[in-house]
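# this is a predicted model, with the sequence first.
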Amino acid sequence: MAICFCQDKSQIGIATGKETSYIPVYVRQGMTYIPVSLFADVLGIKYTLLSENDRMNFHFPQYNLIVNSKNPYLILESKEKLQEIVQLPTSTYLINNQIYIPLKYSMKTLNKALGTTINFKEPDLLTVEGFNKKEDFEIKNNTPNKKFGITGLTLDEKANGTLIRLRSEKRISSYTSSFRENALYITLKNTSADVNQLKKFAGKGVIKEIKAKNIRNNVELQISVTKDYSASEVLNIDNSNDLMITIHNKIFSNKDNNNKNKEKWDFDVVVIDAGHGGKDVGAIGINGVREKDVNLGVALKLGKLLETNMKDVKVVYTRSNDTFVELYKRGKIANEKGGKLFISIHCNSTPKRPTDASGFEVYLLRPGRTQEAIQIASRENGVIQYEDNPKRYEKLTDENFILVSMAHSSYMKYSEKFSDLLNKQFENNLDFASRGIKQAGFYVLVGASMPSVLIETGFLTNRKDAAYLKSENGQSKIAESILNAIKKYRDYYQQFMLSE
């Protein structure tokens, strides 16, 4: 068997037969250091921990190799217990509880331990010839933090994309992603992975291939995709350490390749959804104002402004009076009327009365990532108790909700753009502060197959907010801000559709 090392700035790829594994490297003053325990893992070499993280014994076929951290000596011990002490011209390093040895100066000792010869074929490539890995060798992990964080993945193909579930032994809350050269790169922070378990050749759907690398203290996933890729998300799963990666395709794209029906994407219908209504009063303010009344007041004022200032845009209300409308019907109304933008208007509240919490929030349809967002969604979704058949929403939970929200992937860039414009208008025109653009699993947004947002205009349990929301002036300013955002959004939308 030949073992090939291919180095870049942060890692070394070790090719053994048909498989390639990656281990991190530490480069200091031009010298490359490798984590000796991860090197042993690739070869299937057993090792034991002799003391707390800083002394390890590696059990090669004919020798034991004892390595100490922050120490310039390697100890090679034969089966007859004869020891050879090798002094290195530089010390080893202890980084993140891994002992790193200088590769160049350790090769002779590794040659002897392996019973073979390591030769450089070119500056960053070396091979190990003649070493036969014993199939019955176990990869032992005696260092507490050496246990892999990511242990495997599963793929679930859907009509509108692919779900990747990463099995994780610990909660991973920090990650970054980028897209370049037809591949999505996701870096999971402060963890490690069994990279061989993460390799997949999908060949179906939008995913072509998945590769993984351990880079220093992180894991990098490289997900190669087809031209049908449109968007992606990384989501923590409630009550689990696992991560869900959603890879969306363009099946719901608005683009009509023949342009025959492009007029159906004209920005000509805005749907205004006044939250709650009828027997569902929503939150009650400390000044006695009811949320359903504030929502309707803002909705009607916004509708009149649209009719006056954007005469070519049709206004559709999910309710225009004090009636109760089931959540699923609100989205159904929006779809049947050909809505191009769905705006659901609500007010916030807290169990504490009065509260210091103040300000407006704009929400997108995605599973909530914070406890606050989850609580708000639970409160707004709680109106289903008034419906005749609340069981219709039972499947909109956990992973099933992720599947439903994937259908909105083609609209997400529009929803995000409108949210940003809306947030800026509120910041400029309203008398209280922005609490940001957030995301949560609102049932009312699920049914609307168009760019959608939900607005929490302020806190009815805050004295200042409640007074503002109750006033005609406050409701008018909110409506004017939404109108200004819609105007700017239409310019963006039409320009984008023309460029398509």
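Received, thanks.
# contacts made by stretch 472-488 with the rest, please.
270, 294, 297-298, 301-302, 305-306, 309-310, 341, 343, 418, 421-422, 424-426, 428-431, 455, 457, 467-469 (Cβ atoms under 8 Å, 6 or more residues apart in numbering). C-beta coordinates here come from the backbone N, C-alpha and C atoms, glycine included.
# and these, which of them are buried?
270, 294, 297-298, 301-302, 305-306, 310, 341, 343, 418, 421-422, 425-426, 430, 455, 457, 467-469 (16 or more other Cβ atoms under 10 Å).
# max-length helix in this protein?
In the chain, with assignment by DSSP state H, the single longest helix is helix 472-499.
# what's the average pLDDT for it?
Here helix 472-499 scores 89 as its mean pLDDT.
# residue numbering should commence at 13 henceforth.
All set: I'll call the first residue 13, so the last point we hit is now helix 484-511.
# how about that helix: buried residues?
Applying 16+ other Cβ under 10 Å to helix 484-511 flags 486-487, 489-498, 500-502, 505 as buried.
# let me know the closest of those to Ile259.
Of all the buried residues of helix 484-511, Ile259 sits closest to Tyr505, with 25.1 Å by Cβ to Cβ.
# quick check: the closest one touching Asp278?
No. At 9.4 Å, Tyr505 does not count as touching Asp278 under the criterion of Cβ atoms under 8 Å.
# any common contacting residues for these two?
Lys352.
# next SSE downstream of the helix or strand bottoming out on mean pLDDT in the chain?
Here the helix or strand of the chain ranked lowest by mean pLDDT, DSSP states H and E is strand 137-141, holding a mean of 46. Toward the C-terminal end, the helix or strand that comes next after strand 137-141 (DSSP states H and E) is strand 162-170.
# Thr174 belongs to a helix?
No. Thr174: not assigned to a helix; according to DSSP: H, G, I helix; E, B strand; the rest coil it is strand.
# near it, how many other residues are there?
Per other Cβ atoms under 10 Å, the neighbour tally for Thr174 reads 23.
# and what of Gly448?
Counted with other Cβ under 10 Å, Gly448 comes out at 12.
# wait, it sits on Tyr375?
No. Using Cβ under 8 Å, Gly448 makes no contact with Tyr375, being 9.9 Å away.
# which stretches of this structure form helices?
Using DSSP H, helices in the chain cover 48-55, 115-126, 207-210, 303-321, 339-348, 383-393, 410-418, 421-441, 455-458, 475-482, 484-511.
# right, so of those, which gets closest to Pro363?
It's helix 383-393; of the helices of the chain, that one is closest to Pro363 (Cβ to Cβ) at 9.5 Å.
# for the stretch 263-412 of the chain, which spans come out with low pLDDT?
263-277, 378-412 (pLDDT under 70).
# how about the strands of it, start to end?
281-286, 326-329, 353-360, 372-377 (DSSP state E, counting those that start in this stretch).
# name the helices or strands packed onto the last one?
Under the contact definition 3 or more Cβ pairs under 8 Å, 6 or more residues apart in numbering; DSSP states H and E, strand 372-377 sits against helix 383-393, helix 421-441, strand 446-452, helix 455-458, strand 464-471.
# how distant is that strand from the center of its chain?
Averaged C-alpha coordinates place strand 372-377 at 18 Å from its chain's average position (Cα atoms, centre = their mean, to the nearest Å).
# CA atoms only: put it into CSV for me.
In CSV, the C-alpha atoms belonging to strand 372-377 read as follows (Å, rounded to 0.1, in the frame of the first residue of the first chain):
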residue,chain,number,x,y,z
PHE,A,372,-40.6,46.2,16.3
GLU,A,373,-39.5,43.0,14.6
VAL,A,374,-39.7,41.6,11.1
TYR,A,375,-39.9,37.8,10.7
LEU,A,376,-39.1,35.5,7.8
LEU,A,377,-40.5,31.9,7.5
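# returning to what we had before: distance from the chain centre to the longest helix of the chain, please.
29 Å.
# could you tell me the angle between it and helix 303-321?
60 degrees (axes from the mean of the first three to the mean of the last three Cα atoms, to 10 degrees).
# mind giving me the domain split of this protein?
15-156, 159-261, 274-511 (automatic domain parsing).
# tell me the most buried of those domains?
domain 274-511 (a mean of 19; mean count of other Cβ atoms under 10 Å).
# centre of the chain to that one, how far?
The answer for domain 274-511 is 24 Å, by Cα atoms, centre = their mean.
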